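Visitor: how would this look folded up:
(chains A and B, ligands or ions: 1)
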Amino acid sequence: MRKIIKDQKVIEDQWVELSDEQCAETLPKGKLIVPVSAWQAHKEQLIAHAEPIGILLAPDEQPADIAEDLEHFALVAISFPKFADGRGYSSARELRTRFSYDKEIRAVGDVLRDQIYLMARCGFNAFAVREDRCINDALNAFNDFSVNYQADAVEQKPLYQYR
Amino acid sequence: MYVYSEYDQKIIEERVAQYRGQTERFLAGDLSEDEFLVLRLQNGLYVQRHAPMLRIAIPHGMFTAVQMRKMAELSRTYDKGYAHFTTRQNLQLNWPKLEQVPDILEELASVQMHAIQTSGNCIRNTTSDQYAGVAKDETVDPRPYCEIIRQWSTFHPEFALLGRKFKIAVSGSKQDRAAVQVHDVGLYLTHNSEGQLGFKVYVGGGLGRTPVVAPLVNEFVAEHDILSYLEAVLRVYNRNGRRDNKYKARIKILVRAMTPEVFAEKVNQEWAELKDGPMKLPQQEIDRVKACFQPPAYEQLDAQDSEFLEKLESDGSFKVWVNQNVADHKVNGYSIVNISLKDTSRAPGDVSAEDMEIIADLADKYSFSELRSTHTQNLVLADVKQNQLYELWQTLKTHQFATPNIGLLTDMICCPGGDFCALANAKSIPIAEQIQRRFDDLDTLHNIGELELNISGCMNACGHHHVGNIGVLGVDKKGSEFYQISIGGSSKEDAAIGKILGPSFDEDDVADVVEKIINVYVEQRTDGERFIDTCRRIGIDPFKERVYAKNN
Ligand code: SF4
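Guide: This is a model prediction of the structure:
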């Protein structure tokens, strides 16, 4: 089973990502992550699924598009087709601070050690680190800094509120 | 000058360690070229034509004699003994070794300096007026706000990987010396009708392939709300800016596509949620940062020093220098002195390690140990006593720092161009030299008067050619270097993009063409009219006719 980082620990991943086509067929057992388009097309069937459902947001899909349905999702995965595309950071931040989403937010795709520190500050708490990279090394990212200037999804107040 | 708190120091030290780790992993093959590229750019390290180039931040253009000496030392130890000041008030080393950059950063951190976010697709160094805090025409000192913005933008978790680079400039005086309106965000400090302090906010200016003067998107954002407003602007940009084409990824393209009105509306929606949250700047924090920019211990002096006045009368070349390179100070008996880095002996903005040390000594002796770098690639001693000007001038002269050309034609902005830059279409430094040689007669230069001539080696416009009164752009035509010339640009409060005269010119003809343009101006100007005003009055045609006239 694939390993991921969750809440700063390496664990075995329980979730299965499905494509649009797979969602149109009989759903497999287990915890499922589905694309927004599939959710919209097969909502009833997915709600009826016995185990938790997660949703996958592409970089150009906005949290506002799924805000109404957030209660149905035990996980929001945000994809990074390229690590240098920073749109997903805003998505995570919005989910946490605007929509008060408090379950798992997972970074998937081109997820690398050097982006994890800031991702975590934006509200990601799970990281499907790219499989060709050492996941244990990626754990070190959480210690990159001990002070931050800004408020973020985890820390409510900016540094200047503490001075 | 801002002095680091323990937090600020900790952050830059942790950054050095982080970057050292990244460099090591790259050298060990654990990071690919592409992955490391993004990381090193966020830290100001480019790989140039001949070697890497490291851009060191000089926040809001202010630094100390101690920092200058450190840079001199670094340029000797890790480079070829010289460095280059850029139009965004930063300093570049042109030949450092990639493996040694972490060591350089560690040395920089020991004097409260860094290279954080000096390149890459992130929020860059916030720039400002080189006369901030001392200018006679200043309404509010912009530096504390620049520093507050610097801290907010440093490792902002959400905006580290934007679609494109993002530059902010702040000015607090009547005259705009920071080219505010050609920035991604430009801020003018201002008071509203109730006397409250805040900012006029321009968004979506910039040069490059699509030069744009920024539209005004908010008449007034109160000082306590500036960070939440900036956060809203950045979020709208990060979410909606284009990512499919790097030439269309700057915020100016988004603002134009949405229209400034719709963009402003979207920002307001975001802002409404942030405005009264924890991002609201407490007065205490504004005061804390302001306290770092308290005026130095000025002496009580006469407005006009008698000895100084005498020298002005008796020494003509001193007078010329004072008129051109010295600006009015808001405190009686003090002056602002420009150190010209634009004489024929050096490439615009270049200084040798020896020069840096000489300048550091001058700062210690004459100007409370502080220095400033300028948007036009010169240096400034901001607090010089009038009665020491003569002595200072003599020293500056012996080191070729006293060419009385600030604001004149030979005070050119010029990018490193084809001699250094991998992206260049053409060389720019030899063009600057050619023009400098042609106009080396001081009387001619002073007769021409205020004129900004800017040179870029390619469309990226690091030399700000679009907003030069005269702009020179290197273009590539079938492997040879040619130059396109525009006139009528301005980077000041009346910002404008210059108009291209027509087909480009051969490398050898640039100085001739500039001379013809100047001749038209001199013939046509009314009494006291500046070049830019003549251009605006008579239009581009008379210039065109002259430069493209058949020789006979
Ligand atoms: S304008 Fe072009 S040539 Fe000049 S420094 Fe910028 S990228 Fe290089």
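Visitor: Shouldn't B:Ser335 be within a strand?
Guide: Yes. Read with DSSP: H, G, I helix; E, B strand; the rest coil, B:Ser335 is one of the residues of a strand.
Visitor: in the sheet, who's paired with it?
Guide: Per DSSP bridges, residues listed as beta-bridge partners of B:Ser335: B:Asp328, B:Val384.
Visitor: and residue 21, what helix or strand is that in?
Guide: In the absence of a named chain, this looks at chain A. Secondary-structure assignment from DSSP states H and E places A:Glu21 in helix A:20-24.
Visitor: switch to chain B, that's the one I care about
Guide: In this structure, B:Gly21 is located in helix B:6-27 according to DSSP H and E.
Visitor: The helix or strand just after that helix and the ligand, are they touching?
Guide: Going down the chain from helix B:6-27, the next helix or strand is helix B:33-41, by DSSP H and E. No. Using C-beta under 6 Å from any ligand atom, helix B:33-41 stays clear of the ligand, coming no nearer than 13.6 Å. For glycine as for every other residue, the C-beta is placed from the backbone atoms N, C-alpha and C.
Visitor: cool, and stretch B:455-464?
Guide: Yes. For stretch B:455-464 and the ligand, the contact criterion (C-beta under 6 Å from any ligand atom) is met by B:Ser456, B:Gly457, B:Cys458, B:Asn460, B:Ala461, B:Cys462, B:Gly463.
Visitor: Let's have those residues in TSV, adding pLDDT and secondary structure.
Guide: Rendered in TSV, the data for those read as follows (pLDDT from 0 to 100; DSSP: H, G, I helix; E, B strand; the rest coil):
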residue	pLDDT	secondary structure
B:Ser456	96	strand
B:Gly457	95	coil
B:Cys458	95	coil
B:Asn460	92	coil
B:Ala461	93	coil
B:Cys462	91	coil
B:Gly463	93	coil
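Visitor: picking that back up, what packs against the helix holding A:Glu21?
Guide: If you count contacts as 3 or more C-beta pairs under 8 Å, 6 or more residues apart in numbering or on different chains; DSSP states H and E, helix A:20-24 packs onto strand A:31-35, helix A:36-41.
Visitor: circling back to that earlier point, out of the residues of stretch B:455-464 next to the ligand, which touch chain A?
Guide: With C-beta under 8 Å from any C-beta of the partner chain as the criterion, those include none near chain A.
Visitor: Strands of the stretch 51-200 of chain B, start to end?
Guide: B:52-56, B:62-64, B:82-85, B:91-93, B:127-128, B:168-171, B:185-191, B:197-203 (DSSP state E, counting those that start in this stretch).
Visitor: With chain A instead?
Guide: Here chain A has its strands, by DSSP state E, at A:3-6, A:9-12, A:15-17, A:31-35, A:53-57, A:73-80, A:104-109, A:126-127.
Visitor: so which of those strands comes closest to chain B?
Guide: Set against chain B and scored by C-beta to the nearest C-beta, the strands of chain A come closest in strand A:73-80, at 9.5 Å.
Visitor: Outside of that closest one itself, list whatever touches it.
Guide: Taking contacts as C-beta atoms under 8 Å, 6 or more residues apart in numbering or on different chains, the residues outside strand A:73-80 that touch it are A:15, A:17, A:31, A:33, A:52-59, A:63, A:66, A:70, A:88, A:91-92, A:95, A:101, A:103-111, A:115, A:124, A:126, A:128.
Visitor: what angle do that strand and strand A:104-109 make?
Guide: With axes from the mean of the first three to the mean of the last three C-alpha atoms, to 10 degrees defining the directions, strand A:73-80 sits at 30 degrees from strand A:104-109.
Visitor: got the buried residues for strand A:73-80?
Guide: The neighbour-count check on strand A:73-80 (16 or more other C-beta atoms under 10 Å in any protein chain shown) flags A:Phe73, A:Ala74, A:Leu75, A:Val76, A:Ala77, A:Ile78, A:Ser79, A:Phe80 as buried.
Visitor: next one: phi and psi at residue 29?
Guide: Just going to use chain A. Phi and psi for A:Lys29, reported as degrees, to the nearest 10, are phi -70, psi 160.
Visitor: Which two among the buried residues of strand A:73-80 are spaced furthest apart?
Guide: Taking C-beta to C-beta as the measure, those span a maximum distance of 20.7 Å, between A:Ala74 and A:Phe80.
Visitor: hang on, the earlier thing: and which of the residues of stretch B:455-464 next to the ligand is nearest A:Val10?
Guide: Nearest to A:Val10, judged by C-beta to C-beta, of these is B:Asn460 at 43.5 Å.
Visitor: ok, how many other residues are close to the closest one?
Guide: 15 (other C-beta atoms under 10 Å in any protein chain shown).
Visitor: among the strands of the stretch 51-200 of chain B, which is nearest chain A?
Guide: strand B:168-171 (15.3 Å).
Visitor: Show me what the closest one pairs with in its sheet, parallel or antiparallel.
Guide: Strand B:168-171 has the following strand partners under DSSP bridges: strand B:127-128 (parallel), strand B:185-191 (parallel).
Visitor: Just to check, B:Pro96 is in contact with B:Asp79?
Guide: Yes. Contact status for B:Pro96 versus B:Asp79: in contact at 5.7 Å, counting by C-beta atoms under 8 Å.
Visitor: residues touching the residue most central in space within chain A, list them.
Guide: Among the residues of chain A, A:Arg106 comes closest to the average C-alpha position under C-alpha atoms, centre = their mean, at 2.1 Å. The contact partners of A:Arg106, taken as C-beta under 8 Å, 6+ apart, are A:Ile4, A:Lys6, A:Gly54, A:Leu75, A:Val76, A:Ala77, A:Ile78, A:Phe124, A:Asn125, A:Ala126, A:Phe127, A:Ala128.
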